[in-house]
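Colleague: Sequence plus the predicted model coming up.
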Amino acid sequence: MAVNDLRKMWHARKWMKQTEPFLMTWHAHLGYSLNLFSYFKKPTTVEEVASKHQLDEVLLKRWVDVGLTVGHLKKKRRNKVKSSRQMVTYLTKTSKRSVGILLEEMFELHIPTLLTYKHELPKGDHQEKTPVANMVAETSTLLEAVTLPKVASRLNKQKSKRVLDVGCGLGGYIKKLAEQFPSIQFHGIEIDQDVCQRANDENGYKNVTIEQGDFKDMPFQQPYETVMMNNILYYFTLVERIALIKKAADVLKRKGELMIITPLADGKHGRRFASAFNSFMTAHKDMNALPTKKELQYIAKQANLKIVEERALIKEGGWYLIRLKRKT
Ligand SMILES: C[S@@+](CC[C@H](N)C(=O)[O-])C[C@H]1O[C@@H](n2cnc3c(N)ncnc32)[C@H](O)[C@@H]1O
């Protein structure tokens, strides 16, 4: 791994840590603004609160998950949750000692104004907006320095000759691996036209091909020893995930391996970051909740696969490598 990649990864991790305290403020602001801490003043279940106050139950559950990881909420018996005394005292609207208005000002006045800088500062505002698909494809590449060595060692063990990368984005994984393994053929599939175009424009490897299309609808003639799916599951609903992984199983050789790199909602590590990421994914109109371990086990069973390894790769972010093989 190049020193520059490691440096980049180190800085990415530093900024991830740096932004983590923001979670607490986001959680506190939402709790104050919508009066959520007062709803959980006494131990109550998410279902009860959602139905009594007409709130979206899934989004409320995500907020509660973040609250539990940052300590604003406490878990009680029988699935009940209770606000910490401090949150009730300082972050409910009716409390005489409330300071929540400070957060409301920050989130509703300061932050939106600070965001306008990006457009106001350059005179005439000719700044191009980075398309979301490009942005997401680029941030995913920051994880590579940590995840690549593990993937490379699996390709070696598998004696892979053909590798498929589903949702390859800019093709960061396959291009770096192509350099290390010149005799392996790497094939990437990317649904987004612009991202795919950029991936191909920046592709100088003879053993890398990147094709535009929706993996779910594409025919494959020859099977692969290795199929990778990195940071892509949250693009799909549970039903779609089953179809996706079944299809991946279909294009695998008999002793082939499916490697999934994904944040887990319920991994042992990185709960704080994962709970915030999960709130974002759930609230985003085009994304879906992060997978859980139980869900992956269920999907594996449906696809006639078994999970052979589950390893934390980036602990602070809750990113895992999950390896699956055929059952028979
Ligand atoms: C978050 S990026 C991850 C990129 C890369 N795998 C990585 O980990 O760096 C996920 C990519 O999957 C692509 N994608 C989503 N659904 C897809 C589908 N059905 N078929 C192929 N690509 C898809 C997205 O356009 C996006 O570029």
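Modeller: Cool, the structure landed.

Colleague: Return the residues of the stretch 1-150 of the chain in contact with the ligand.
Modeller: On the criterion C-beta under 6 Å from any ligand atom, the ligand has as its neighbours in the stretch 1-150 of the chain the residues 133, 136, 137, 140, 141. C-beta: built from backbone N, CA, C; applies to glycine.

Colleague: Quick check, the third one in contact with residue 169.
Modeller: Yes: taking C-beta atoms under 8 Å as the definition, residue 137 is a contact partner of residue 169 at 3.5 Å.

Colleague: Which neighbours do those two have in common?
Modeller: Overlap between the contact sets of residue 137 and residue 169, as judged by C-beta atoms under 8 Å, 6 or more residues apart in numbering, is given by residue 195.

Colleague: The two: who's more crowded?
Modeller: Under the neighbour definition other C-beta atoms under 10 Å, residue 137 and residue 169 were set side by side, and residue 169 has more, 27 against 24.

Colleague: was I right about residue 68 contacting residue 75?
Modeller: Yes: with contact defined as C-beta under 8 Å, residue 68 counts as touching residue 75 (6.0 Å).

Colleague: Might one say that residue 223 is in contact with residue 257?
Modeller: No: the pair residue 223 / residue 257 is not scored as a contact, 11.9 Å apart, by C-beta under 8 Å.

Colleague: The two - which one has more neighbours?
Modeller: The residue with the greater number of neighbours, taking residue 223 and residue 257 and applying other C-beta under 10 Å, is residue 257; the counts read 23 against 14.

Colleague: Next, work out how far apart the more buried one and the ligand are.
Modeller: 17 Å (C-beta to the nearest ligand atom, to the nearest Å).

Colleague: Any stretches of the stretch 101-250 of the chain with poor pLDDT?
Modeller: For the stretch 101-250 of the chain, the stretches with pLDDT under 70 are 125-129.

Colleague: and the residue of the stretch 1-150 of the chain found nearest the ligand, what is it in contact with?
Modeller: Of all residues in the stretch 1-150 of the chain, residue 140 sits closest to the ligand, at 3.1 Å by C-beta to the nearest ligand atom. Contacts for residue 140 (C-beta under 8 Å, 6+ apart) come out as 169, 172, 230, 231.

Colleague: Spit out the contact partners of the first one.
Modeller: If I follow you right, that is residue 169. 136, 137, 138, 140, 141, 190, 195, 199, 231.

Colleague: Try it again at 7 Å.
Modeller: For residue 169, the contacting residues are 137, 140, 190, 195, taking C-beta atoms under 7 Å, 6 or more residues apart in numbering as the criterion.

Colleague: now do the second one
Modeller: Residues touching residue 172, when contacts are defined by C-beta under 7 Å, 6+ apart, comprise 141, 144.

Colleague: Pick out whichever of the contacts of residue 169 sits closest to residue 11.
Modeller: Out of those, the one with the shortest distance to residue 11 is residue 140. That distance is 15.8 Å, counting by C-beta to C-beta.

Colleague: distance between the one helix or strand residue 246 maps to and the chain's centre?
Modeller: With the criterion set as DSSP states H and E, the secondary-structure element containing residue 246 is helix 238-250. In terms of C-alpha atoms, centre = their mean, to the nearest Å, the centre of helix 238-250 is set 18 Å apart from its chain centre.

Colleague: Establish whether it and the ligand are in contact.
Modeller: No: figure legend: helix 238-250 not in contact with the ligand (C-beta under 6 Å from any ligand atom); closest approach 7.3 Å.

Colleague: now for that helix, which elements pack on it?
Modeller: For helix 238-250, the packing partners by 3 or more C-beta pairs under 7 Å, 6 or more residues apart in numbering; DSSP states H and E come out as helix 293-302.

Colleague: for the residue nearest to residue 220 when sequence neighbours are not counted, what are its contacts?
Modeller: The shortest distance from residue 220 to any residue other than its chain neighbours is 4.6 Å, reached at residue 251 (C-beta to C-beta, 6 or more residues apart in numbering). With contact taken as C-beta under 7 Å, 6+ apart, residue 251 is in contact with 164, 220, 223, 224, 227.

Colleague: Thank you kindly, that will do.
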